[in-house]
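Peer 1: sequence? don't have it. structure:
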């Protein structure tokens, strides 16, 4: 693939992920991973890992906006942060061995369920 | 303690890049009844140490497409800023319903149109 076209695809993927991440407070990876693998032609594990690396700065920026505008309580957030930190270490080591297809299918079903609950 | 366990479980999923944050959002709004916009903000905060922790493994395993990160993150950061500003400007109930619609669309897409890419090497420039 031509380098300029590939760069443009990466940029579009980043913009799409940024819009979702900023507007919904997460979920940017849901869009970014398939765009990285389908549009930018990364293999699936590289797409997942690259997505994590991209979403980190995007989440920092979005979190800052929410912190100043939505009144987040750090005391409420702390247990989630501590649990997430430990879980992230575990997840990072599991990525190479994880049954991705099964996890993605379960994840998809849970997303649909969660979405319906949010709307009703 | 339960909230920390929820964070841990979602952190494992996030570390695998499978979107544990989405589940955490649903947990916070559905179980602990935190308002949608505050939950979204906490979710973003949660992702920062979670992704930071998993990144070490991803870097060590050489799974990250470095130039891809650069071209994604710079415009993505601008988009994230503007979108977060917009989200914190609208009614929280509307935000929750819009998020629900997004989840359904994403879930259906993932279930029915899952990617079958078989490339085995990161991008090279």
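Peer 2: In hand now; what should we look at? Only a predicted model underlies this, so the values are computations on that prediction, with no experimental measurement involved.
Peer 1: Quick check, residue B:51 in contact with residue A:60.
Peer 2: No - the pair residue B:51 / residue A:60 is not scored as a contact, 9.8 Å apart, by C-beta atoms under 8 Å. All C-beta spots, glycine's among them, are computed from the backbone N, C-alpha and C.
Peer 1: With neighbour numbers in mind, choose between the two.
Peer 2: Neighbours were counted for residue B:51 and for residue A:60 using other C-beta atoms under 10 Å in any protein chain shown; residue B:51 has more, 31 against 17.
Peer 1: Okay, now the unreliable bits of chain A?
Peer 2: Applying pLDDT under 70 to chain A flags the ranges A:1, A:95-96, A:98.
Peer 1: One more pass at 90, please.
Peer 2: Scanning chain A with the threshold set as pLDDT under 90 gives A:1-4, A:24-34, A:37-39, A:43-49, A:52, A:70-77, A:80-120.
Peer 1: Skip the chain neighbours and tell me the closest residue to the residue with the shortest distance to the centre of it.
Peer 2: Nearest to the mean C-alpha position of chain A, counting by C-alpha atoms, centre = their mean, stands residue A:29 at 2.6 Å. Nearest non-adjacent residue to residue A:29, counting by C-beta to C-beta, 6 or more residues apart in numbering or on different chains: residue A:51, 4.6 Å away.
Peer 1: what sits against residue A:86?
Peer 2: By C-beta atoms under 8 Å, 6 or more residues apart in numbering or on different chains, residue A:86 lies in contact with B:8, B:11, B:53.
Peer 1: Off-centre distance for the biggest helix by length in chain B?
Peer 2: Using DSSP state H to define each element, chain B has its longest helix at helix B:36-60. Relative to its chain's centre, helix B:36-60 lies at 8 Å (C-alpha atoms, centre = their mean, to the nearest Å).
Peer 1: How about stretch A:76-90?
Peer 2: 16 Å.
Peer 1: Then stretch B:85-100?
Peer 2: From the chain centre to the centre of stretch B:85-100 is a distance of 17 Å (C-alpha atoms, centre = their mean).
Peer 1: Measure how buried residue B:34 is and give me the count.
Peer 2: The burial count for residue B:34: 21, using other C-beta under 10 Å.
Peer 1: tell me which element it falls in.
Peer 2: Per DSSP states H and E, residue B:34 falls between elements, in no helix or strand.
Peer 1: residue contacts, it?
Peer 2: Taking C-beta under 8 Å, 6+ apart as the criterion, residue B:34 is in contact with A:76, B:28, B:42.
Peer 1: cool, residue B:80 as well?
Peer 2: A:18-19, A:21-22, A:28, A:58-59, A:61-62.
Peer 1: show me which of those residues neighbour chain B.
Peer 2: A:18-19, A:21-22, A:28, A:58-59, A:61-62 (C-beta under 8 Å from any C-beta of the partner chain).
Peer 1: quick one: which of these sit in helices?
Peer 2: Those of the ones next to chain B among the contacts of residue B:80 mapping onto helices are A:18-19, A:21-22, A:28, A:58-59, A:61-62, per DSSP H.
Peer 1: Check those residues and tell me the two furthest apart.
Peer 2: The distance between the two most remote of those (C-beta to C-beta) is 13.5 Å, for A:19 and A:59.
Peer 1: So for the two, which residue has more residues nearby?
Peer 2: residue A:59 (28 against 20).
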